[in-house]
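Trainee: pasted the sequence and its predicted model underneath.
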Amino acid sequence: MSRSSIVVCTGEPIGMISPLLHGHFAEHLGRCCYDGLWVGTDSQIPNVDGFRRDVINALKRIGIPLLRWPGGCFADTYHWKDGIGPAEQRPRTIAESCGHQSVETNAIGTHEFIGLCQALGTQPYLAGNVGSGSPQELMDWVHYCNSLADTTLVRERIANGHPDSMGVRYWGVGNESWACGGNYDAIDYAREFKRFATFIKQIDQCVELVACGDHDLAWNTKIIEANRHHLHLLDHLSVHRYWSGGHSTGFTEAEYYQLQRGPDVVEKDIRGTAEIIDFFAGNQRHIGIAFDEWGVWHPDAVVTNDFEATSTMSDAVTAAGVFDVFNRWCHRLSMANIAQVLNVLQALIQTQGAEMWCTPTYHVFALYAPHRGAQSVKVDIANSSARDMPAVQARFPVPHIDAGQLSMLSASASVTDVGVVVSLSNRHMSDSQEVEITLRGKSMLRGELMTLAAAPNAHNSAAEPGRVGVQVSGIEAQDGKIVVILPPCSVQTLVLKG
């Protein structure tokens, strides 16, 4: 068993951990929305206005602060007026995303999605169509959703059953415009953003606009530089990052450790983007980094199986590492959205007919929930073992390999009004770790220890929905220190009180 230690510096704050860093993403892709979230009002599966009741209840248990919709790549082919009015009168259109084409019934439209957000108690984040749309179309959507003026569009919204403003604060101006969103070059998209944003802000000055960024720092540089004299239009710059490390359940030892390097790549993306924003924006305006697509993309999640892959304990550990990065960079991050909430890619919940189960990644969101709204503080890690391990940064067009070392221990901490929250993950595939925790600046005597641990390829399923879950126990300090044992491939959160 390896031994390491961490010091939680409770007097060295980083920033407030926004609940929006625990956001989610629902795209009209595969079985995420249809046959996932949505089963229809006439389904024998219990539902709330067409959305699965069991899924809504599961999401409410962990709390969803933000939900991004309708894409993804789908956003730049979506025309919002197709999804309003009587459902039986809505057109049947083509849905295209990531090379996946299907018939879009438009059963889920603006009103249905806003209703889902209200049922979940979450803020909506709408991705607007730049690729095949126009500034007028996106202006009209903002107007339709948010305005209270006595206009034809507002009267139409009222006639469709929503007299009050929908109050949609967050709007994406396009999605992945460097690829599926129109194959723009950076300067052309920067001009489009400025044009769209100018007219959107005329409709509603209170909305916050997300410009389409990327993990490509050259693209991000050009977007910010080209808009340096119009930064009042730009509230957030998005970053997308996926990574992989072998088949979802049939990975090798090397591929397992490659997957765990993903959070290091995420941190590199954030650091580089923050430096670009600082250089061009300086002190004149705070621009948040919206990490609005992130997660594992296994090679077996492909178009022919609707981008579905088994979500394992290995995926959960890499997600915990990402949350530790988010906690360390909470002063620069404004939101984040894992891809995706249901069935597709690194899903929190999976369904099969009437059956539903939560994945290990779902439980990581539960473990990190106590950090929401808390003050992130500095954590020093000592004596953690490490190994040389390259990271697979991206799958398209070919894998890009980033050399580096992987620490076997990841950690972050925060201070709340009533105590201290510490999260740890043991990335070692087969060895336990003993970790000694010292709190500098506070004396916490006891608390609750929540542990998520299983074999790296362990997962839940319709047959075994509770195979991987959280175990809760009490913990007390010994001689002013707290010692925990982390099983191999595990995540722990300690909620400590005086």
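Mentor: Happy to help now that I have it. Numbers count the residues shown, from 1 in each chain.

Trainee: quickly list the domain ranges of the chain.
Mentor: Here the domain parsing of the chain from automatic domain parsing is 2-7+378-384+408-497, 18-374.

Trainee: hey, which of those domains is tucked in deepest?
Mentor: Among these, domain 18-374 has the highest mean neighbour count (mean count of other CB atoms under 10 Å), at a mean of 20. Backbone N, C-alpha and C define where each C-beta goes, glycine included.

Trainee: now that one, how far from the centre of its chain.
Mentor: How far domain 18-374 lies from its chain's middle: 8 Å, per CA atoms, centre = their mean, to the nearest Å.

Trainee: and the helices in the stretch 301-450 of the chain, which stretches?
Mentor: 313-328, 360-368 (DSSP state H, counting those that start in this stretch).

Trainee: picking that back up, quick one: which of the domains of the chain is nearest residue 390?
Mentor: For residue 390, the closest of the domains of the chain is domain 18-374, at 6.6 Å, according to CB to CB.

Trainee: quick one: mean pLDDT over that closest one.
Mentor: Mean per-residue pLDDT for domain 18-374: 96.

Trainee: report the central residue of the protein.
Mentor: Residue closest to the mean C-alpha point of the chain, counted by CA atoms, centre = their mean, is residue 337 at 2.0 Å.

Trainee: regarding this structure, what is its longest helix?
Mentor: Counting by DSSP state H, the longest helix found in the chain is helix 262-281.

Trainee: which strands and helices lie in contact with the helix or strand that comes right after that one?
Mentor: Next helix or strand after helix 262-281 toward the C-terminus (DSSP states H and E): strand 288-296. The elements that strand 288-296 packs onto, with contact taken as 3 or more CB pairs under 8 Å, 6 or more residues apart in numbering; DSSP states H and E, are strand 23-25, strand 236-243, helix 262-281, helix 313-328, strand 333-339.

Trainee: so can I have JSON lines of these showing distance to residue 112?
Mentor: Output for the helices and strands packed on strand 288-296, formatted as JSON lines (distance: least, CB to CB, whole Å):
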{"stretch": "strand 23-25", "distance to residue 112": "17"}
{"stretch": "strand 236-243", "distance to residue 112": "25"}
{"stretch": "helix 262-281", "distance to residue 112": "32"}
{"stretch": "helix 313-328", "distance to residue 112": "29"}
{"stretch": "strand 333-339", "distance to residue 112": "19"}
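
Trainee: between those, which one is nearest to residue 295?
Mentor: That would be strand 333-339 among the helices and strands packed on strand 288-296, by CB to CB, at 4.7 Å.

Trainee: next one: stretch 451-458 to chain centre, how far?
Mentor: Distance of stretch 451-458 from the chain centroid (CA atoms, centre = their mean) equals 21 Å.

Trainee: what mean pLDDT does it get?
Mentor: Stretch 451-458 carries an average pLDDT of 98.

Trainee: how about stretch 479-487?
Mentor: Stretch 479-487 carries an average pLDDT of 90.

Trainee: let's have the helices of the stretch 301-450 of the chain in TSV, adding distance to residue 407.
Mentor: Output for these, formatted as TSV (distance: least, CB to CB, whole Å):
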stretch	distance to residue 407
helix 313-328	9
helix 360-368	18
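
Trainee: nearest to residue 210, out of these?
Mentor: For residue 210, the closest of these is helix 313-328, at 16.9 Å, according to CB to CB.

Trainee: one step back: save the domains of the chain as CSV, and put in distance to residue 390 too.
Mentor: Formatted as CSV, the domains of the chain follow (distance: least, CB to CB, whole Å):
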stretch, distance to residue 390
domain 2-7+378-384+408-497, 15
domain 18-374, 7
